[in-house]
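Enquirer: the sequence and its predicted three-dimensional model are supplied below.
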Amino acid sequence: MWSRDPFSQFDKDADFHVSCDFFNGNPFDLRNLPNTGFSYVKSNEKTIQLYKFWYNSSITYPGIHDQDAFNKIKFDPFIQHLGLRIRFFDTAYFGGFCQPSRDLNKVCTMHANCCVGLENKVHDIGIMLDDWQKYVKSIVNQTTEGHKGSWTVPQL
């Protein structure tokens, strides 16, 4: 769910931006746990090589999800050799069900990660949308500095 324009949070020097299931506070630390469901990628030779390498990782790591493959290859010396600049999005701005943004004044997107099953995702996204609409309409949001709002998700 997009709540506001996320582009101000992008790093102009990064080649590959990716959201996180769990963010450790350092946007350049490869130990962050990425969620490849939301990414922003500059089209350049580095990212083209990344995607080729990532695609071919299905041979090295057969049977694993592409996100799990990315989590493995991000440490590969080939990625470092490319000089690829990877940036992990802060969950304060790009939250999800795993690690929701705690401040609705900052959140740009929320992802239905860590939620298994389409029905569960649709249910909790509906609740998330209701939470957002209440926040936007709230008198406190419009008149009181510092009100952060809150999520009631995930439930399922």
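Expert: Received, thanks. Numbers count the residues shown, from 1 in each chain.
Enquirer: and what about the spatially most central residue of the chain, helix, strand or coil?
Expert: Central residue check for the chain by Cα atoms, centre = their mean: the C-alpha nearest the mean position is that of Ser19, 2.0 Å away. What DSSP: H, G, I helix; E, B strand; the rest coil gives for Ser19 is strand.
Enquirer: what sits closest to it if chain neighbours are left out?
Expert: Leaving aside its sequence neighbours, Ser19 sits nearest to Phe38 (Cβ to Cβ, 6 or more residues apart in numbering; 4.0 Å). For every residue, glycine as well, the C-beta is placed using N, CA and C.
Enquirer: helix or strand for the one you found, which one?
Expert: If you go by DSSP states H and E, Phe38 is part of strand 33-41.
Enquirer: mind listing the strands for the protein?
Expert: For the chain, the strands defined by DSSP state E cover 16-22, 33-41, 86-88, 94-96, 109-111.
Enquirer: so how far is the longest one off the chain centroid?
Expert: Distance of strand 33-41 from its chain centroid, counting by Cα atoms, centre = their mean, to the nearest Å, is 5 Å.
Enquirer: rounded mean pLDDT for it, please.
Expert: Averaged across strand 33-41, pLDDT comes to 94.
Enquirer: can you spell out which helices and strands pack onto it?
Expert: In terms of contacts (3 or more Cβ pairs under 8 Å, 6 or more residues apart in numbering; DSSP states H and E), strand 33-41 is packed against strand 16-22, helix 66-73, strand 109-111.
Enquirer: include mean pLDDT and distance to Pro154 when you put these into JSON lines, please.
Expert: Output for the helices and strands packed on strand 33-41, formatted as JSON lines (pLDDT from 0 to 100; distance: least, Cβ to Cβ, whole Å):
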{"stretch": "strand 16-22", "mean pLDDT": "97", "distance to Pro154": "13"}
{"stretch": "helix 66-73", "mean pLDDT": "95", "distance to Pro154": "18"}
{"stretch": "strand 109-111", "mean pLDDT": "93", "distance to Pro154": "10"}
